[in-house]
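Student: missing the sequence, but the structure's below:
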């Protein structure tokens, strides 16, 4: 029985400094993991491999994609050629994108976030069920930081982090949806 070939497809994002590479494999059960430097990749060997490509400034690994943000001196031709090669080679060697230690640390982080009350629970549900999947289609991610006095603080990652339209997405899309669903929310702010 032969394993299905690994395919890595290049996709453009709304962010001119970011490309999305879709993979026909599951890389992460849910959400995304964002890395802004090689030093953060101790337990993320796939991201570490991608950082070795010249010109890569940030790597975000999602459920079935890898989003690359180019450094100002990076070359898109090099990145578009080398990143898919790195991803495919890594996955063909049956490497796991993350070590068991990474998964344990992530679970511990989620457990320590605790229950922040009814408003926070409703905000997280909308983010996880509606907003994050939609944003992932463009190679980005939006994660919850905190809720204080009617203000939701969010992290924008991947294609969303430095996208020219991220402010509009945050205010017109995310804030509008959260305010409609959770009347206690007055504003959404990027951290």
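Tutor: Sure, I can see it. Predicted model, so just to flag it, every value in this text is computed and none were measured. Numbering: from 1, shown residues only.

Student: Show the average pLDDT along the longest helix along the chain.
Tutor: When the chain is parsed with DSSP state H, its longest helix is helix 76-92. Mean pLDDT, helix 76-92: 95.

Student: Over to stretch 51-71?
Tutor: 94.

Student: follow-up on the earlier one: buried stuff in the longest helix of the chain?
Tutor: 79, 82-84, 86-88, 90-91 (16 or more other C-beta atoms under 10 Å). C-beta here means a position set from N, CA and C on the backbone, and glycine is covered the same way.

Student: Among these, which pair sits farthest apart?
Tutor: 79 and 91 (18.0 Å; C-beta to C-beta).

Student: Next, give phi and psi for residue 62.
Tutor: Note on residue 62: backbone dihedrals following degrees, to the nearest 10 are phi -110, psi -160.

Student: Return the distance of the closest residue to it other than its chain neighbours relative to residue 102.
Tutor: Distances taken as C-beta to C-beta, 6 or more residues apart in numbering put residue 32 closest to residue 62, at 4.3 Å, once the chain neighbours are dropped. According to C-beta to C-beta, to the nearest Å, residue 32 stands 13 Å off from residue 102.

Student: Same check on residue 161?
Tutor: 21 Å.

Student: neighbour-wise, which of the two wins?
Tutor: residue 161 (22 against 18; other C-beta atoms under 10 Å).

Student: What does the pLDDT read for the more buried one?
Tutor: With respect to pLDDT, residue 161 has a value of 74.

Student: Output the buried residues of helix 76-92 in CSV; the columns should cover distance to residue 141.
Tutor: Shown next, in CSV, are the buried residues of helix 76-92 (distance: C-beta to C-beta, whole Å):
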residue, distance to residue 141
79, 20
82, 23
83, 18
84, 21
86, 21
87, 18
88, 23
90, 21
91, 21
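
Student: Nearest to residue 4, out of these: which one, please.
Tutor: residue 91 (11.2 Å).

Student: any low-confidence regions in this structure?
Tutor: Scanning the chain for pLDDT under 70 picks out 1-3, 107-116, 163-164.

Student: All the strands of the protein, in order from the start?
Tutor: For the chain, the strands defined by DSSP state E cover 8-12, 18-23, 33-35, 56-61, 65-70, 140-148, 151-158, 187-190.

Student: Tell me which of these sits nearest to residue 171.
Tutor: Here strand 187-190 is closest among the strands of the chain (C-beta to C-beta), at 7.1 Å.

Student: What helices and strands are in contact with that closest one?
Tutor: strand 151-158 (3 or more C-beta pairs under 8 Å, 6 or more residues apart in numbering; DSSP states H and E).
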